[in-house]
Structures are given as structure tokens and as C-alpha cells.
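Undergrad: A predicted structure for the sequence below; I have some questions about it.
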Amino acid sequence: NAGVTQTPKFQVLKTGQSMTLQCAQDMNHEYMSWYRQDPGMGLRLIHYSVGAGITDQGEVPNGYNVSRSTTEDFPLRLLSAAPSQTSVYFCASRHQRDEQYFGPGTRLTVT
Amino acid sequence: LAKTTQPISMDSYEGQEVNITCSHNNIATNDYITWYQQFPSQGPRFIIQGYKTKVTNEVASLFIPADRKSSTLSLPRVSLSDTAVYYCLVGGLGGNAGNMLTFGGGTRLMVKP
């Protein structure tokens, strides 16, 4: 199994640009989540999904959209990038009661 | 949502046992407790999970008192490679709030030679 994969690994955007961070898992997990981690801080939950077609907001959802059309994929869209969205983004997946598996992260810089 | 409170940082020496306590006063009946470890530039990695009493695996033990308002992660005989940030999470068992797993600030453990 590849586990949780994220692309790209690094990205630089200009203010106002949009982009999609990709996340995929091959473990048939129902639950998937997106977190952001600012330097020296803990992870904050952006959006999560409990199954295909079902998404919900986390702690810091503003400026981000998600969709879950398949069990495997959970893309995160930045609608209009702002410098405040400069961060490392982690995608994670799990079965309901089990541990979360995290991807390697996407390091995003918005100038 | 059950919030968690942990010490910001701890120091230890190689070979010592380290205990990190997490407070979660408003833990719900359906919530379980999970600990993660994170190294710089990596995603968090699962350490241990429990609901009550004591859980032990090959790397750590988790102690949960009867009232479940706190939990203690115990790392036996730490080494320099255990230097990392440790996070306590509460939740995960159904319902909108239970499905959200949120991280607190974590505890930065520094192991010295």
C-alpha cells in the first residue's frame, strides 16, 4: 500500500491565485481530514469527511473548499490564496475507531 | 469538543522514563484518547490509543484514570531519537463533534545525552 499520498510537495502561489492540493489513500478508509500547521504550532483541522459525498467543516474552514466524490480522493481547494494561508498542509485518513495515517505534507507559500 | 491541555515542553535524559500528562476535563462518553508523535517536517505518527485503565504496546503505555478527565503517556527509557512533539487527542467515535479529531498545542520533548 502507498498509504496517504499528497501532491505537490511544495508550492508557491501569488496572492489571489487558486489551486488544489491533492490527497489520495489506498486503504479504503472512510474518514479523511485536512489539517494545516503553521511554524511552531500544532495542527488545526480545516475540513473532514466521513465518507464519499459527505464533508464537514473543521476549526478553520474559511478560504478552503473540499469535496469527496470517491472514497480514495479528498482534494483541498484554495479559492483565492492569501499570505495567511502560508503553511504546511497535511492530509490524513482512518477507519472510525483507528489511528490516523498522515501524508507527507504540502508546503505552501503565498507571496 | 473536548479540549486538551498539555505542558508546552519537557526535558529529559537518555535512559529515563518520561511521563506526559494531558487534561481533558470535558471528555464525552464516546470519546477515546489517542497520542501522536511528530518529528520536524513530517506528519504525525500514531503512538497509542485507549478508552480507560491502562494500555501498553511496544513503544509506550497509556494510563487513564477512572474519571477519564486526564491521561498520561509513559515512554520508558527514552533515547535521543524520542525528541519530538507529542500530541494528545480526544474524540473520534461518532456524532459530528466526535468525528472531528483536533490537535492541541502538543508537548515538545527534548531528550539530552
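TA: That came through fine. Numbers count the residues shown, from 1 in each chain, chains lettered A, B, ... in the order given.
Undergrad: Does stretch B:64-77 reach chain A?
TA: No: in terms of C-beta under 8 Å from any C-beta of the partner chain, no part of stretch B:64-77 sits within range of chain A; the closest distance is 14.4 Å. Every C-beta, even on glycine, is put in place using the N, C-alpha and C of the backbone.
Undergrad: how long is that stretch from one end to the other?
TA: 21 Å (C-alpha to C-alpha, to the nearest Å).
Undergrad: and it, what's its mean pLDDT?
TA: Stretch B:64-77 comes out with an average pLDDT of 96.
Undergrad: Quick one: residues in contact with that stretch.
TA: Outside stretch B:64-77, the residues that touch it by C-beta atoms under 8 Å, 6 or more residues apart in numbering or on different chains are B:15-25, B:27, B:33, B:35, B:47-48, B:50-55, B:59-63, B:82, B:86, B:88, B:109.
Undergrad: List the residues that contact the residue of chain B found nearest chain A.
TA: Nearest residue of chain B to chain A (C-beta to the nearest C-beta) works out as residue B:43 at 2.9 Å. Contacts for residue B:43 (C-beta under 8 Å, 6+ apart) come out as A:90, A:92, A:102-105.
Undergrad: go on, residue A:95?
TA: A:29-31.
Undergrad: tell me, which of the residues you listed make contact with chain B?
TA: Applying C-beta under 8 Å from any C-beta to the contacts of residue A:95, those adjacent to chain B are residue A:31.
Undergrad: Surely residue A:13 and residue A:111 touch.
TA: Yes: counting by C-beta atoms under 8 Å, residue A:13 touches residue A:111, with 7.4 Å between them.
Undergrad: Looking at these two now, which is surrounded by more residues?
TA: Between residue A:13 and residue A:111, residue A:13 has the larger neighbour count (other C-beta atoms under 10 Å in any protein chain shown), namely 19 against 10.
Undergrad: State the phi and psi torsions of the more buried one.
TA: With angles defined as degrees, to the nearest 10, residue A:13 sits at phi -120, psi 160.
Undergrad: Just give the closest residue to it, not the sequence neighbours.
TA: Nearest in space to residue A:13, with sequence neighbours left out and distances taken as C-beta to C-beta, 6 or more residues apart in numbering or on different chains, is residue A:81 at 4.4 Å.
Undergrad: Quick one: classify that neighbour as helix, strand or coil.
TA: coil (DSSP: H, G, I helix; E, B strand; the rest coil).
Undergrad: which residues does it contact?
TA: A:13-19, A:110.
Undergrad: and if you look at residue A:85?
TA: A:36, A:63, A:78, A:108, A:110.
Undergrad: Got a quick PyMOL command for the buried subset of those residues?
TA: The command below creates a PyMOL selection of those among the contacts of residue A:85 that count as buried (16 or more other C-beta atoms under 10 Å in any protein chain shown):
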select buried, chain A and resi 36+78+108+110
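Undergrad: export the contacts of residue A:85 to a markdown table and tack on secondary structure?
TA: Formatted as a markdown table, those follow (three-state DSSP):
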| residue | secondary structure |
| --- | --- |
| A:36 | strand |
| A:63 | coil |
| A:78 | strand |
| A:108 | strand |
| A:110 | strand |
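Undergrad: Would you format the contacts of residue A:85 as TSV with pLDDT and distance to chain B included?
TA: Converted to TSV, the contacts of residue A:85 look like this (pLDDT from 0 to 100; distance: C-beta to the nearest C-beta, whole Å):
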residue	pLDDT	distance to chain B
A:36	96	11
A:63	96	18
A:78	97	19
A:108	97	14
A:110	97	19
